[in-house]
Each structure stands twice: as structure tokens, then as C-alpha cells.
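Got a predicted model here, sequence first, then my questions.
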Amino acid sequence: MKLPDPTVIRTDVLVVGGGLGGVRAALRAQELGADVTVVEKAVISRAGPMTYVHSQFAPYKLLEGDELRQWMEEFVVGANYLADQEWLEVYLREAYFRVQELVHMGVPYVRDEQGRLKYSLVRGHKVGTTLGADGRATMEVLRRELTRRRVRLIEKVMVNDLLTTDGRHPTRDRICGAVGFHVRTGEPYLFLAKAVILNTGPFYPKIHYAYVDHCTGEGHAMAFRAGAELAGMEFAQYAAWSYFNRQFFTPGQAKIQGIGARFVNALGEEFMPRYDPIWGNFSGLFQVARAIATENLEGRGPCFVDMRHCSDEDLAVLYKVVPTLERAFKEFDIDPKKDLLRVDPFILIGTGSSSGVRVDLWSRASLPGLFAVGTCTHLPIMMTGISGSSLSTFSNVGGYRAGEKAAEIARQMAHHPPHDPQQVKELIAGFCAPLSRRGQTRPCDIWMAIGEVTAEAGFALFKNEARIARTRDRLREIRHMLLPRVTAPDVHELVKANEVANYLQMAEVACEAMLARKESRGELIRADYPYQDNDDWLRWIIVRRQGEGEGLSLSFWDLPYDRYPIPPKRGKVPLTFPIPEEYRVAPEAASERSMERRGA
Amino acid sequence: MIESIDLSLCDGCGVCIESCPTDVLRLMEAGKPWVVEPRTWKAVIVYPNDCHSCRLCALDCHVDAIRVTHALEIPSPFLVHR
């Protein structure tokens, strides 16, 4: 098949992904004199998690001294002692300024009757310091700001691979641009840039969960292929509990917990305090999802979320910040003041609290010319599941810092770095290949196969060496057997074919990292190591490609606790989650037996 | 999943087409090939299975013509309880 010549766009700074982090990076780089282009797979203001809920961890004033230390401690404990405390300090200090800037730009945060900003509580915190706003309106404000400042916006274009100056993947040199295609016309695009900032969000499977289907890990996968380091991939456990009445999903779970929702099982018992004695109903996403799953497995399901006692005022704020939830309640005729809502959880492979491109204090990835911000980074403060809203604040702070450094690089370089036309040709031919294949295998078939492999209880809830290895092998089989046969009858399907390929690659890397971490921490719970080991495992696992083949290189980064202000609690801490007998002994046979018994 | 667009209400403004993150909708000439009202454009659901029930289109529709109902089932063994 003859492919058309790509549209060529030369720019100083290329931002891939138009969420909050990308927009903040673009605005900052433009402010410092760079020529900036933002490319987005959908439309800016209707793309990515930020569209559905916008909230910011927003201290009233600059945090310093004892107060700063107290906040740091809360975050470090919540992050299971894996937080990069240098990043955390930057984050806590700068959040105040970054949020003030958003307020000045006109982001419509919820206010009280006197017109003062209304700070509210979200899960994971003791003090209400969160500002909320309708995500769509927020991103519209930011989009207008981009247009006003004449930042080039290229929408409905999916970027799928990075360019390197030496024409190699993985590169030994630097990043010099990216290639992609228009999601409706298929027209290829070539971006030549002095710096590339990735803001592609999390990597999630397409499970028809609102907002998730759009984020399949393009940034993760393209950075990995180009040779960048990834970190925290073993925590790639995407968990949620908000499958309501088996009818609809909505984001905004932290907000629902924030207004005081309670989780109860079929016996009417409030069960969260049993699993998380400290946070109870305010516990992190993963803990809640896992607790509900355990209640269901042990015969006390189904479980419900109870909002009947919540005040009208709180509900009004909730609806304002999460309008899609109000809409869903209306469509299904649900009154949270009267009805209990049944909730079902899921735990699949996908970004959890921290799994992505490893970044330094300036949001720089391990390859020169490459930056990453938001959820596609390894989230060095590691709090998403635990602390509601801190992720969007991290995008805000990290984006700003990336924009600043990227503009500096652009200033220092007189010319664009060279690119390799042969690499451009090969990459375009690579991601267009499904268009010219024949056959019946569609991207949705591959998602089905992935679902069957990763949603199995034995793997999702009670991991051990053998079960993780088996899942990895089955994923690899899908990649080797099915993926090369996937066909795309039109450009819309071509997008999906590339998305599933990116996800698969990351899911496999995640399994490799899970095998390497020989303890349980955060989202990784292993039945064969049922404890958190603070003597040997206060370290991040770093993964990157080894050579051009499939080989992986794993290394460790020990947290420099000698220069951190908050000391760790040493020793081994046992798991609070029970592991049923059947998953402890002869795990393989037991897992299959129990599936049979439940008629699955 | 997106269930229906009430074509008697849809005025073809095209807002929903742009607001859909997974690109499910397209604008088409209504009634084709039986053109009743020439040059009347309507939103149509072209890729319903890619809808992730986010309701952005329904919220953005200024004539409230879009109905989104049940989400598609997720692959999860946890839905089963004893």
C-alpha cells in the first residue's frame, strides 16, 4: 500500500496530549518564548480524566516549616514510604502558586454564598484543602488561554511513536520529534521538535468505563520503545469500585467518599474499618475495590454505597464537580437520598498509583529531549489511589516545570536536531499495517482476550510467582499470535488496533515488574510475600528495553533516605487483607476449582 | 452505552461529534438515500460499541436529544458473589 506523504510540523516544543499537565506545560513554554504545538487524540477540553472531574489539592497558603513537614509525613505514609521526598517537597511548595494561577485564569471553582472558594475534604486527607470545578469548564478556560496565546493546536491526531536522532529504537542519542495520524482521515503527521513533552495519561484497558477507554498508554509505550526508563510498573493495578447497580460507571469516586459515603455489605455491616483501620470509608481506591471483592468472594456480597445521610449541600457540590454522575442518576431514576447503590469493583492491569515514564525533578525522562507529565509518569509522589485530587495537582505542578525546562532547551538549540527519514517511513508503515491486512481479527477481540486473562480472581486478587508468570505468558501469546493478525477496515479501527498494541506491551512489562518485587506494597499484593518489607524494598524498580529485541533490563533505585526528612518505619508489616486458604496452597488447581464452583 | 439520538430534536449543530472522546458519532445528511429535507444534517451513532458511557455528548447537547443507558459489562470475576 502506498502511503501519502506526511504533513510536516516544525515546532520548538511538542506537547503530546491536551490534558491539564500538557496545557500547563504548553502555556509555560510559550510564556518563555518557545514556539509550542499541542497535539491531542480527541479535542482539548473533551479528553482525558480531567474532563470529568477537576479538583486540586490547594493549600490556603505557602506551606513551610512544621506545617510542610506534617503534610509531607501524611503523604509519605500514604505512599507506603516510596514517595520521592524531594519531589514531594517541590510539589507541596509549588501547588499553592500553580492553583492560584488557575484561579486567576478563571477556572470556575465551587464557591460558597459569599463568593469565597469552597474547600472540601477528599479521601486520604484529614483537612479539607481541595478545590473542585466542572472539568469541562476548566479545560475550556485553559483551551481559550491556549488559543489566545496562539499556541498551535492539532486535534484528532493520534501520536504513536517518537523519533530519534540516530534513527534507532532504543536510541543512544536523543528524541527529535514524533509521528502520528489523523483519527478520521488517516493522514500521517510528522512533528519535528527540539523537545517533546508526553502527557498521554494513564494506560488502561478498554472496558467501557467512562474516561478510561480513551487512555491506553500511548505515551508509556512510545517512550518505552524509544528506550526511556519506566518505573513503578509493578503497581500497575487499575482498580475502581464505581460500577453502580451494574448499570453505569462514573468517575468522581474520591468526591463521593469525600462527602461521607459509607460502604456496607449485604448484611448491612460497614466493612471498610476492618480492612483499613486508619482511613475506613476514606480509604484509597484500590483498598476499597479489593475489600468489596473480598466481601463478595467470602459470601457477604453484594456491597452497596450509602449516601442517604449526606447533606443536600454536599450533594450539590458533588453534582457541580461531577455533572456526569448527576446525569446518570437522572437517567436511571436514582435518588441517593433514598436509594442504596449497589457497587461492584474491578481490578485489572493499568496505571494504579504510580506506573510510568521515570521523571526527575524537572519532569525530564531518561532520554535527552523527552519530558513526561501527569499520569504517564511514575508519579514520584505516588498518591493517586490514596489521596484524591493530588494527581491533578501533580499534573499542574509537573507540567509547569516541564514547560520551563523544555523552553530552555529550545532556546539553547539554534536548529532542530536531525531526524532520520527512513525511520519516519518505517514507523508510519508500522502503525498503518492493520489497514492493509485481511482477516477477521478485530481490536475488540484482542481486548476480550486480555480481559479473560487479567480479570481472573487468582491473578487480580491473590498474586504469586506462578500466577503472575502465567498471566505474562498468556499476554505474550496474545501479542505474538493475535496482534500480528489484527485488521482495521477503516481508520477508526486503526486507532483501536494501535491502542491495544500499546496496552499489551505495557501489561507485559507490568507483569515482569510484579515478578521482580518480592513483597506486598500499595497495589501489589502477593500471596507468596504477604508483608510489606521496609528493610529490603524501599526501592523503585526501573525497567527499560535491552537492545532492539524483546529483552528487558531491570534495575533498582534505592530511595536516598539518608537525606530525606521523614524516616521510614523499618521491618516487615503483615498484610491486612485475608488470603483464603484455597489461594495459599496449590494455587493453580485451587483457583480453577473455585472458578468452576462459581459457575464462571 | 449510547442508545439513541432523537432526530426530531437534533438540529445538526455537531457539538456532540466533537465532544465524543472515542469518536463514536458522525454528522450525516438526514434521511439519505431518501432525502426528505435537503441540507439537513443530523448526528448519527456510527461506532456504538466504542461508547464508554461517559455522557459528555448528552451533557453538551443543547436540545437534550441524546440518551445514554446501561454501560457495557466489564470483564470481572468479582461481580460474582456466593
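Okay, I see it. Numbering: from 1, shown residues only, chains lettered A, B, ... in the order given.

what's in contact with the lowest-mean-pLDDT helix or strand in chain B?
The least trusted helix or strand in chain B, going by mean pLDDT, DSSP states H and E, turns out to be strand B:25-29, with a mean of 86. Strand B:25-29 has contacts (Cβ atoms under 8 Å, 6 or more residues apart in numbering or on different chains) with B:2, B:5, B:12, B:14, B:16-17, B:35, B:39-46, B:57. All C-beta atoms are positioned from the backbone trio N, CA, C, and that covers glycine.

Pull out the buried positions in it.
Of the residues in strand B:25-29, B:L25, B:R26, B:L27 count as buried by neighbour count, 16 or more other Cβ atoms under 10 Å in any protein chain shown.

So which residues of chain B form strands?
Ranges of strands in chain B, per DSSP state E, are B:2-5, B:25-29, B:41-45, B:66-68.

Likewise for the stretch 101-250 of chain A?
Ranges of strands in the stretch 101-250 of chain A, per DSSP state E, counting those that start in this stretch, are A:130-133, A:152-155, A:157-164, A:175-182, A:188-198, A:230-231, A:237-244, A:248-249.

now those as a markdown table including distance to A:K118 and mean pLDDT?
Formatted as a markdown table, those follow (distance: least, Cβ to Cβ, whole Å; pLDDT from 0 to 100):
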| stretch | distance to A:K118 | mean pLDDT |
| --- | --- | --- |
| strand A:130-133 | 8 | 88 |
| strand A:152-155 | 32 | 98 |
| strand A:157-164 | 38 | 97 |
| strand A:175-182 | 40 | 97 |
| strand A:188-198 | 32 | 98 |
| strand A:230-231 | 36 | 96 |
| strand A:237-244 | 23 | 86 |
| strand A:248-249 | 26 | 84 |
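
Among the ones you listed, which comes closest to chain B?
strand A:248-249 (4.9 Å; Cβ to the nearest Cβ).

Now tell me what touches the closest one from outside.
Here strand A:248-249 makes contact (Cβ under 8 Å, 6+ apart) with A:H208, A:Y209, A:A210, A:A240, A:S242, A:Y243, A:A328, A:E331, A:F332, B:S53, B:H70, B:A71.

Next, the contact list for the fifth one, please.
Yep, that's A:S242 we're talking about. Contact partners of A:S242, counting by Cβ under 8 Å, 6+ apart, are A:F249, A:T250, A:P251, A:G252, A:Q253, A:I256, A:V343.

A:Q440: how many residues sit nearby?
7 (other Cβ atoms under 10 Å in any protein chain shown).

no wait, A:M105
For A:M105, using other Cβ under 10 Å, the count is 13.

Check it and give its pLDDT.
On pLDDT, A:M105 comes in at 95.

again, but for the one 5 residues further on
At A:V110, the model reports a pLDDT of 89.

Just give the nearest non-adjacent residue to it, would you?
What sits nearest to A:V110 in space, not counting adjacent residues and going by Cβ to Cβ, 6 or more residues apart in numbering or on different chains, is A:K118, at 4.7 Å.

Who does A:V343 form a beta bridge with?
For A:V343, the beta-bridge partners under DSSP bridges are A:F244, A:C303.

could you list every residue that touches it?
Here A:V343 is in contact with A:W241, A:S242, A:Y243, A:F244, A:F263, A:I292, A:P302, A:C303, A:F304, A:V305 (Cβ under 8 Å, 6+ apart).

what about the fourth one, distance to A:C444?
Between A:F244 and A:C444 the computed distance is 24 Å (Cβ to Cβ, to the nearest Å).

More neighbours: these two, which one.
Higher neighbour count among A:F244 and A:C444: A:F244, with 21 against 15, using other Cβ under 10 Å.

Residue numbers of the stretch 351-500 of chain A in contact with chain B?
By Cβ under 8 Å from any Cβ of the partner chain, the residues of the stretch 351-500 of chain A that approach chain B are A:444, A:448, A:451-452, A:454-457, A:460-461, A:492, A:495-496.

Give me the below-cutoff pLDDT ranges for the stretch 51-200 of chain A.
Applying pLDDT under 70 to the stretch 51-200 of chain A picks out residues A:122-126.

And the helices in it, which stretches?
In the stretch 51-200 of chain A, the helices defined using DSSP state H, counting those that start in this stretch lie at A:65-78, A:85-105, A:135-148.

can you list contacts of the longest one?
Applying Cβ under 8 Å, 6+ apart, the contact partners of helix A:85-105 are A:24, A:56-59, A:61-64, A:68, A:71-72, A:75-76, A:109, A:117, A:131, A:138, A:141-142, A:145, A:361, A:380-381, A:393-394, A:396-397, A:400-401, A:559, A:564-566.

Okay, angle between the longest helix along chain A and strand B:25-29 too, please.
Using DSSP state H, we find that the single longest helix of chain A is helix A:491-516. Between helix A:491-516 and strand B:25-29, the angle comes out at 180 degrees (axes from the mean of the first three to the mean of the last three Cα atoms, to 10 degrees).

Next secondary structure element downstream of helix A:491-516?
With elements assigned by DSSP states H and E, the helix or strand that comes after helix A:491-516 is strand A:531-533.

Would you give the sheet partners of that next one, along with the direction of each?
Strand pairing for strand A:531-533, determined by DSSP bridges: strand A:572-574 (antiparallel).

Report the distance from the strand it pairs with to the chain centre.
Strand A:572-574 has its C-alpha centroid displaced from the chain centroid by 27 Å (Cα atoms, centre = their mean, to the nearest Å).

Enumerate the positions of it that are buried.
A:V573.

Can you name the residues in contact with it?
Strand A:572-574 is contacted by residues A:P530, A:Y531, A:Q532, A:D533, A:N534, A:D535 when judged by Cβ under 8 Å, 6+ apart.

send the alpha carbons of the next helix or strand after it over as PDB?
Heading C-terminal from strand A:572-574, the first helix or strand you meet, by DSSP H and E, is helix A:581-584. C-alpha atoms of helix A:581-584 as PDB (Å, rounded to 0.1, in the frame of the first residue of the first chain):
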ATOM      1  CA  GLU A 581      -6.800 -21.000  52.100                       C
ATOM      2  CA  GLU A 582      -7.600 -22.100  48.500                       C
ATOM      3  CA  TYR A 583      -5.300 -19.400  47.200                       C
ATOM      4  CA  ARG A 584      -2.500 -20.200  49.500                       C
END
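
any idea of the mean pLDDT in helix A:581-584?
On average, the pLDDT along helix A:581-584 is 73.

same question, stretch A:465-480
For stretch A:465-480, the mean confidence score works out to 95.

Likewise for stretch A:491-499?
Averaging pLDDT along stretch A:491-499 yields 96.

Could you list the low-pLDDT ranges of chain B?
Applying pLDDT under 70 to chain B flags the ranges B:30-39, B:73-82.

quick revisit: out of the contacts of strand A:572-574, who's nearest A:G547?
Taking Cβ to Cβ as the measure, A:G547 sits nearest to A:D533 out of the contacts of strand A:572-574, at 31.7 Å.

pretty sure that closest one contacts A:R526?
No. When contacts are counted by Cβ atoms under 8 Å, A:D533 is not listed as touching A:R526 (10.7 Å).

related to what we said a few turns ago, for A:H416, state which of the buried residues of strand B:25-29 is nearest.
For those, the nearest to A:H416 is B:R26 (36.7 Å; Cβ to Cβ).

Doesn't A:S353 belong to a helix?
No. Counting by DSSP: H, G, I helix; E, B strand; the rest coil, A:S353 falls outside a helix, being coil.

hmm, back to that, check the gap between the residue nearest to A:V110 and A:T129 for me.
For A:K118 relative to A:T129 (Cβ to Cβ), the value is 12 Å.

do A:G217 as well
31 Å.

Tell me which of those two has more neighbours.
Ranked by neighbour count (other Cβ under 10 Å), A:G217 and A:T129 place A:G217 first, with 29 against 20.
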